[in-house]
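Participant: here is a sequence together with a model predicted from it:
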Amino acid sequence: MTVGFVMLCHTALDRAAQVARHWAVRGCPVVIHVDRRVKRRAYEGLVKALADLKNIRFSGRHSCEWGTWGIVAATQEAATIMLRDFPTVRHVYLASGSCLPLRPVEELIRYLDERPRVDFIESVTTEDVGWTVGGLDVERFTLRFPFSWRKNRRLFDGYVRLQRRLRYKRRVPIGLVPHLGSQWWCLTRQTLSAILENPEREEIDRYFRRVWIPDESYFQTLVRQVSAQVESRSLTLSKFDFQGKPHIFYDDHLQILRRSDCFVARKIWPHANRLYKTFLSDDAGGQAAAEPNPGKIDRLFARAVERRTKGRPGLYMQSRHPNEHWENGRTAAPYSVFEGFCDVFENFELWFGKATGTRVHGHLFAPERVEFAGGETVYNGALSDSAMMRDYSPKSFLTNLVWNTRGERQCFQFGPNDVQTLIWFMAADPNAQISVISGAWAIPLFRSNANFSDIRREAARLQKIEAEFLNVLRSPWVKARVRSWSLAEFVENPMEPLQTIVDEISPRSIRRLTEAPRLADLTGFGQFLQNLRNQGMQPTLMGDFPVTGDLQPPNSRRGRPYLVK
Amino acid sequence: MVDRTNVIGNDHILVFSTLRNERIRLPYFLRYYRDLGVNHFLIVDNDSDDGSREYLAEQPDVSLWTTPASYKRSRFGVDWLNWLQMKYGHGHWCLVVDPDEFFVYPFCDTRPLRALTDWLDASSIKSFSAMLLDMYPKGPFDAQPYAEGQDPFEVAPWFDSGNYTIQRNKKFGNLWIQGGPRARMFFTDLPERAPALNKIPLVKWDRDYAYVSSTHMLLPRGLNQTYDEWGGEKASGVLLHAKFLDTFARKAEEEMERRQHYANSHEYRAYRMAMAKEPDLWCKWSEKYINWRQLEILGLMSKGNWA
């Protein structure tokens, strides 16, 4: 017993001829259908090229516009010729002109011989398919489709909408349960002839003539009525992308195709010379008769579709420029923003970098220049430290920095003196961890040598900016991880907040913080705030500092590193 | 004029280019694109006097037009090429590149250009973007001279991987990309004047199409929609830009004298100022070019859903 191939061709006829010859000379009959829209010269060339082979037939030509009945009619006619002319054929394999056998024909024959009654056809009920493009599944069977989807998309869609509104429904013939599946099947003579010789075929055909994409439903539905054993999968490896168009195989897929152990693959790019040369030579097989296993190819194509639909989070580039809120990740990775910590602690950056193993920058948004860690003038990805370039597109600056340093968490200082353009962007970014000690900006003023009226003016300015930032951080739209303390609150117990932040950044470090950074000297700070008040300015963000008897952390002597536990 | 356009077949892929005095670059340029599978070159020579014209006239797959007219008044070459494309490009995949631009696309090391254009056809995509990536040597430009026929990226293999800014141009719907070493070195005080790097060089041409400004944007506007706005990535490539070779100083000098460039040759003026200081574009964060996969991982281009 052998297998016969029905080939549906419409382009790259030279490749189709090559494949047909490959099967025919190895004893498998081939019936070829060529789309009527192919020019006569090309068709005659194909017939001539295969004239020397006695087990090749050509069937009557139908016009095969995608989604229409022509493809089914062509298949029926070719299959009828196959069953009539080649009595030794037990399985009929439906292939296309851009299919390529990946394993020797003998292996396929042996595989089918071991399963003489099995019909290989993907056949799924309409409730269970998730892959129909355009959302038409059961409606393929119950609506009418007089307009071409390719040429008259608007009429097509409009007519579907109209029928839905009028609740129009065609009656599905009694006894038929609509099934869908891949067009490429391999059926036994018994099953196929039962379908083709069905006394009610005329009526059934009349119904399917008006079904949408009948090549994915005609045999898939009818096989359920006549087959003894349906194995619902296709022997042909064929993958579709998110627009419902088949993925194409090229020379560089050679290894992955080989390892798939599938019998036939489509579509092959007609110029994939190496694939055709390799798989149409006789020494192609040689491996154990394994079951087809297209898992690797599935993953490859699934990843491609995901890249097209979701993309890489946090990447902004020439072919990915998401609208706001559609970014699928505003930035590429988590990062930390610290406001006030540098003012409260001495050498905070150095200490924090050591404690967490992250990259700790200074004020990245400082007005004069970008304060990259270590005073670098150029940073990852060749980012410039020029404030003008940063401020030309601050969002690009931040997203670039986080993208360029993927794998290494970035931390930076922020404050009311910095450029504030990005506060909303960061607040709405789930990757941002924002920690604020409010009012800490007063410490540098307190220690400065400026005239008090200037200090007062500056304090009012900074307080206004920070209040605005805090306001944003309290908005219901915030997605960042936000923590804020007033200065008074923080100084009373600095270790607990620090430990929380560190734990969140590096959850796996079991080590507790043993060394705290050195606190700034705040002796007289309460009086300083009182002086501001006396001059008519109202410092509110730093919380309640007593005017005398300065606040200090418990159990510690000021100015000395201390231990916790 | 050397017109060999009669050998252009229906499905041929065409390169359009305009140039002036680029003789030393031509052999590698032609070879690079022939190897990708380009079938014919249509070139406008703007009054070369270094033998470029004679060299090109001898090539069997080149059609050549010569003009002594002003580059500036032809809107920097766009008008010439639009006319040629209208006449010869209709229905073809057309790649518009300068002699120092080298097109890199996903899988370009294993799949010829026709694989890409076939896939674009099957996906009903009419235009394909490839941003300009400035390549540079380590050290002064003239430290390692470029030899005729040589791969320019042996001399200038470095590039900036992650300092590009993107804005949407509302009028034409295209993206406006700036950055790279030129912005970093020559335009730190005037970032808005830094040259545009967005390009859409590969288009299934129709006689109703037109480039508006170089290959930065097209009409009708829909052709500029080469980016996804809902988080996904469309397929895209890169034009490796071999501008910064030892030939650069001479070129910048010459172009300044001719005053034929965009915005009163502001760009070339900036170069000349900087060139006086013997600039080194290289920094320790420069990336060394390996292949398209590297550019893809860095996020400069994308495979999209081509696999």
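Facilitator: That came in fine, so what should we check first?

Participant: residues in contact with A:Val226?
Facilitator: Listed by C-beta atoms under 8 Å, 6 or more residues apart in numbering or on different chains, the contact set of A:Val226 reads A:Gln190, A:Thr191, A:Ala194, A:Ile195, A:Asn198. For glycine as for every other residue, the C-beta is placed from the backbone atoms N, C-alpha and C.

Participant: what separation do you get for it and A:Met1?
Facilitator: Shown here: A:Val226 relative to A:Met1, a distance of 20 Å by C-beta to C-beta, to the nearest Å.

Participant: for A:Gln243, give me phi and psi.
Facilitator: Note on A:Gln243: its backbone torsions stand at phi -100, psi 10 [degrees, to the nearest 10].

Participant: since we're on it, how many residues are nearby?
Facilitator: Other residues within reach of A:Gln243, judged by other C-beta atoms under 10 Å in any protein chain shown, total 13.

Participant: next, give phi and psi for B:Trp65.
Facilitator: Backbone phi and psi, for B:Trp65 under degrees, to the nearest 10, turn out to be phi -120, psi 140.

Participant: run through the bridge partners of it.
Facilitator: As for beta bridges, B:Trp65 partners with B:Val44 under DSSP bridges.

Participant: that one: neighbour count?
Facilitator: 16.

Participant: that one: what's it in contact with?
Facilitator: Here B:Trp65 is in contact with B:Met1, B:Leu42, B:Ile43, B:Val44, B:Asp45, B:Trp80, B:Leu84 (criterion: C-beta under 8 Å, 6+ apart).

Participant: format those as CSV; extra columns: pLDDT and neighbour count.
Facilitator: Compiled in CSV, the contacts of B:Trp65 are given as follows (pLDDT from 0 to 100; neighbours: other C-beta atoms under 10 Å in any protein chain shown):
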residue, pLDDT, neighbour count
B:Met1, 83, 9
B:Leu42, 96, 25
B:Ile43, 95, 26
B:Val44, 93, 23
B:Asp45, 91, 22
B:Trp80, 84, 19
B:Leu84, 92, 22
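
Participant: what's the closest of the residues you listed to chain A?
Facilitator: Here the nearest of those to chain A, counting by C-beta to the nearest C-beta, is B:Leu42; it sits at 23.8 Å.

Participant: secondary structure class for the closest one?
Facilitator: Under DSSP: H, G, I helix; E, B strand; the rest coil, B:Leu42 falls in the strand class.

Participant: nearest to A:Thr500, of the contacts of A:Val226?
Facilitator: Within the contacts of A:Val226, distances to A:Thr500 taken as C-beta to C-beta reach their minimum at A:Thr191, with 67.7 Å.

Participant: can I assume that closest one sits in a helix?
Facilitator: Yes - the assignment for A:Thr191 is a helix, going by three-state DSSP.

Participant: so where does whichever residue of the stretch 151-300 of chain B sits closest to chain A fall, helix or strand?
Facilitator: With C-beta to the nearest C-beta as the measure, the residue in the stretch 151-300 of chain B that lies nearest chain A is B:Gly162; the distance is 2.3 Å. Using DSSP states H and E, no element contains B:Gly162; it sits outside every helix and strand.

Participant: need the residues of the stretch 351-500 of chain A near chain B, please.
Facilitator: By the rule C-beta under 8 Å from any C-beta of the partner chain, the part of the stretch 351-500 of chain A lying against chain B is A:378-384, A:386, A:388-389, A:392-393, A:396-397, A:400, A:403-404.

Participant: ok, now with 6 Å
Facilitator: By the criterion of C-beta under 6 Å from any C-beta of the partner chain, the positions of the stretch 351-500 of chain A lying close to chain B are A:378, A:380-384, A:386, A:388-389, A:392-393, A:396, A:400, A:404.

Participant: pretty sure B:Asp246 contacts B:Pro145?
Facilitator: Yes - in this structure, B:Asp246 is within contact of B:Pro145 by C-beta atoms under 6 Å, at 4.7 Å.

Participant: between these two, who's got more neighbours?
Facilitator: For B:Asp246 versus B:Pro145, the count of surrounding residues by other C-beta under 10 Å is larger for B:Asp246: 17 against 12.

Participant: tell me the spacing between the closest residue to that one other than its chain neighbours and chain A.
Facilitator: With C-beta to C-beta, 6 or more residues apart in numbering or on different chains as the criterion, B:Asp246 has its nearest non-adjacent residue at 4.1 Å, and that residue is B:Asp142. Distance, B:Asp142 to chain A, by C-beta to the nearest C-beta, to the nearest Å: 22 Å.

Participant: neighbours of B:Asp142, how many?
Facilitator: Counted by other C-beta under 10 Å, the residues lying close to B:Asp142 total 15.

Participant: for A:Thr80, same thing?
Facilitator: Based on other C-beta under 10 Å, the number of other residues close to A:Thr80 is 17.

Participant: secondary structure element for it?
Facilitator: helix A:70-85.

Participant: one more: A:Cys411?
Facilitator: Under the assignment given by DSSP H and E, the secondary-structure element containing A:Cys411 is strand A:410-414.
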